[in-house]
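Chemist: structure of the sequence below:
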Amino acid sequence: MPNSPTTYYDDDELREALGNVNSYRTLHEIYGLFYGCAMSGMHTGPARCLPDVFDAEHSDNVSAEAVEILRNNLMSLWNFVTRWKPAEEPFFFPDQDYPNIAQGLLEHVADDVSLIESFFQGLDPAGKQEKDLSGAVKEALHDLAELKKQLQSYAELYEAVDPEAEVKDPQASRKKLAELEEIIARCITKIAVGLKRPKR
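Modeler: Next comes the predicted model:
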């Protein structure tokens with residue numbers, strides 16, 4: 001079922017739309033950016049974030065139809081994000097499969113790092129003073145920054161390995177990354193609850 005303004009169904013559809021306009025952004029970056037923008041309270045829709053997703057430098061031979069399809073898919077995801085009830089519903093990561101080789105693990109780690117970085121990028125325009133943040137929000141922001149450093153250290157290890165090398169214990173590696181993603185989800189949820197929902 002295609003993505004619609006009222007319901008977001010398919011990560012692959014948005015991923016394809018990004019590719020069709022030669023966007024340099026990954027889906028993990030888009031997720032992080034939109035969650036951060038929504039929580040900042042400074043953005044009223046994905047159009048404000050669009051310059052960070054699509055620009056003239058990357059638009060060679062892009063049709064108006066492709067841009068419109070991207071805009072519609074971004075709006076679908078934006079509505080999904082802004083309808084999120086963090087105190088009641090889980091946080092979702094983009095659906096993505098990775099090969100069981102060193103390059104696949106590196107891509108997985110890089111995606112998680114980019115989600116965190118884009119989340120901070122989207123959240124930053126809020127301009128909130130540290131004294132105005134609750135202790136729980138400050139703690140979660142700090143933990144998220146530390147998780148980013150931990151993931152980056154993993155990335156450095158994988159970068160030193162033959163990218164085509166098979167992972168000795170892929171199940172254990174996936175489990176470790178899943179555990180870290182659970183912590184990322186908890187941090188972002190805690191921040192969302194602490195900042196309360198922005199005005200739409």
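Chemist: in three-state terms, label the most far-flung residue of the chain relative to its centre for me.
Modeler: Going by C-alpha atoms, centre = their mean, the residue of the chain most distant from its centre is residue 168, 28.2 Å out. Secondary structure state of residue 168, per DSSP: H, G, I helix; E, B strand; the rest coil, is coil.
Chemist: and if you look at the one 4 residues further on?
Modeler: In the three-state summary, residue 172 is assigned as helix, counting by three-state DSSP.
Chemist: contacting residues for it?
Modeler: For residue 172, no contacting residues are found, by C-beta atoms under 8 Å, 6 or more residues apart in numbering. Using the backbone N, CA and C atoms, a C-beta is placed for each residue, glycine as well.
Chemist: next one, pLDDT for it please.
Modeler: At residue 172, the model reports a pLDDT of 87.
Chemist: next one: residue 65
Modeler: For residue 65, the predicted pLDDT is 92.
Chemist: and the helix or strand harbouring it, what's buried?
Modeler: Using DSSP states H and E, residue 65 maps to helix 64-82. Judged by neighbour count (16 or more other C-beta atoms under 10 Å), helix 64-82 contains these buried residues: 66-67, 69-82.
Chemist: now stretch 180-199
Modeler: 180-181, 184, 187-195, 197-198.
Chemist: how about residues contacting that stretch?
Modeler: With C-beta under 8 Å, 6+ apart, stretch 180-199 has contacts from 35, 38-41, 82, 84, 86-87, 90-91, 93, 112, 115-116, 119, 123, 126, 128, 133-134, 136-137, 139-141, 143-144, 147, 150-151.
Chemist: what does stretch 80-96 give?
Modeler: Residues contacting stretch 80-96 (C-beta under 8 Å, 6+ apart): 7-8, 11-12, 15, 27-28, 31, 34-35, 38, 108, 111, 115, 181, 185, 188-189, 192-193, 198, 200.
Chemist: from the contacts of stretch 180-199, which would you call buried?
Modeler: 35, 38-41, 82, 84, 86, 91, 93, 112, 115-116, 119, 123, 126, 133, 137, 140-141, 143-144, 147, 151.
Chemist: return the subset of the residues you listed lying in strands.
Modeler: Assigned to strands by DSSP state E, none of the buried ones among the contacts of stretch 180-199 qualify.
Chemist: apart from its chain neighbours, what residue comes closest to residue 74?
Modeler: Residue nearest to residue 74 in three dimensions, not counting chain neighbours: residue 46, with 4.2 Å by C-beta to C-beta, 6 or more residues apart in numbering.
Chemist: where in this protein is pLDDT low?
Modeler: 42-44, 47-52, 54-60, 125-132, 196-200 (pLDDT under 70).
Chemist: ranges for the helices of it?
Modeler: 11-20, 27-40, 46-49, 64-82, 102-123, 135-159, 170-195 (DSSP state H).
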